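Enquirer: coords please:
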Amino acid sequence: MKYAFSEEWTLKARELVEKLGFHHIAPERIACLKSAGTKTRRTIARIHGLGKAMQLGMKTEPFYVIELLSEKFDRLSEDDKTKTLIHELLHIPAGFGGGFRHHKPYVNERTVEEQWKKLCGIGQN
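Expert: From the prediction side, this is the model:
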């Protein structure tokens, strides 16, 4: 596997945090990277958190990294890339402590679509 920091997608993710009102997420404590060389068949992106033990040992605050798997992610439309980022951001819990929200019941296609519509201003008065 090869990894490279992505300033473009880090800025996009931080912008989404602001636009979607994800006030529990510290934008400066998230980053995106692109990876290449994965053998996975279905995964487009994944999120990594800095767990409590590492935070304490490093004397640092929580941090989240969204890994975008180039082989899959780069083939998506721009809308689907944004939806993928939204999906990964939804995994960050309200406590922003280094843990994750699971797919059930919160992170799913319905919640991603709700946030997408909010972002696009669809269905708002």
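
Enquirer: In this structure, what residue spans correspond to helices?
Expert: Assigned by DSSP state H, the chain shows helices spanning 7-19, 52-58, 70-73, 78-90, 109-120.

Enquirer: Tell me which of the ones you listed sits most buried.
Expert: helix 78-90 (a mean of 18; mean count of other CB atoms under 10 Å). From N, CA and C alone the C-beta is placed, and that goes for glycine too.

Enquirer: now for the helices of the chain, which one comes closest to residue 41?
Expert: Residue 41 lies closest to helix 70-73 among these, at 8.9 Å (CB to CB).

Enquirer: Go ahead and measure how far the closest one is from the middle of the chain.
Expert: Helix 70-73 has its C-alpha centroid displaced from the chain centroid by 15 Å (CA atoms, centre = their mean, to the nearest Å).

Enquirer: and the closest residue to residue 58 other than its chain neighbours, what does it touch?
Expert: Of all residues not flanking residue 58 in the chain, residue 50 sits nearest, at 7.8 Å (CB to CB, 6 or more residues apart in numbering). Residues near residue 50 by CB atoms under 8 Å, 6 or more residues apart in numbering: 58, 60, 62-64, 98.

Enquirer: neighbour-wise, which of the residues you listed leads?
Expert: Neighbour counts for the contacts of residue 50 peak at residue 64, which has 22 neighbours (criterion: other CB atoms under 10 Å).

Enquirer: my read: it touches residue 92, true?
Expert: Yes - Residue 64 is within contact range of residue 92, at 5.8 Å (criterion: CB atoms under 8 Å).
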